[in-house]
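Engineer: sequence and predicted structure are below.
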Amino acid sequence: MQFETNANGGWVVPAYTNLPPRVEVPAWSDLGDGCTLGDGCTLGDACSHGYSCSLGDGCKIGAYCKLGDDCKLGACCTLGACCRLGYDCTLGACCRLGNNCTLGAGCALGNDCTLGDD
């Protein structure tokens, strides 16, 4: 579901989605129902998040990333551009995925993991 704008130019947020005040959601981003974004999250252009995704405080998601349903990212995770996370992936706090990284369904990374470019 892509965001729509209301008569006042604001976003129409999907059902059961939690967006705190300091979250940046650019145009052409797509959040599924039931997503929760932590305070200070930043999403790149044209990102897509499946149903019930959860991003911890301070996460930074690069442009054109796609997160499958039920993905969970701990606080301060960073995903480079064009990353793909399959269904039910879990990243611990402070994980970093470089550009073009892909994790298959059900993958889990502990805290402070780095994959891809440094």
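Structural biologist: Looks like it arrived, so ask away.

Engineer: contacting residues for the nearest residue to Cys107 once chain neighbours are set aside?
Structural biologist: Excluding its sequence neighbours, the residue lying closest to Cys107 (CB to CB, 6 or more residues apart in numbering) is Cys89, at 4.9 Å. For every residue, glycine as well, the C-beta is placed using N, CA and C. Contacts here follow CB atoms under 8 Å, 6 or more residues apart in numbering; on that basis Cys89 touches Leu67, Gly68, Cys71, Lys72, Leu103, Ala105, Gly106, Cys107, Ala108.

Engineer: from Pro20, how far off is Cys89?
Structural biologist: For Cys89, the distance to Pro20 (CB to CB, to the nearest Å) stands at 22 Å.

Engineer: ditto for Leu103
Structural biologist: When Leu103 is compared with Pro20 (using CB to CB), they lie 26 Å apart.

Engineer: what's the first-to-last distance across stretch 66-85?
Structural biologist: Start-to-end span of stretch 66-85 (CA to CA, to the nearest Å) is 6 Å.

Engineer: in that stretch, which residues are buried?
Structural biologist: Across stretch 66-85, burial judged by 16 or more other CB atoms under 10 Å covers 66-81, 83-85.

Engineer: and stretch 46-64, by the same measure?
Structural biologist: 47-56, 58-64.
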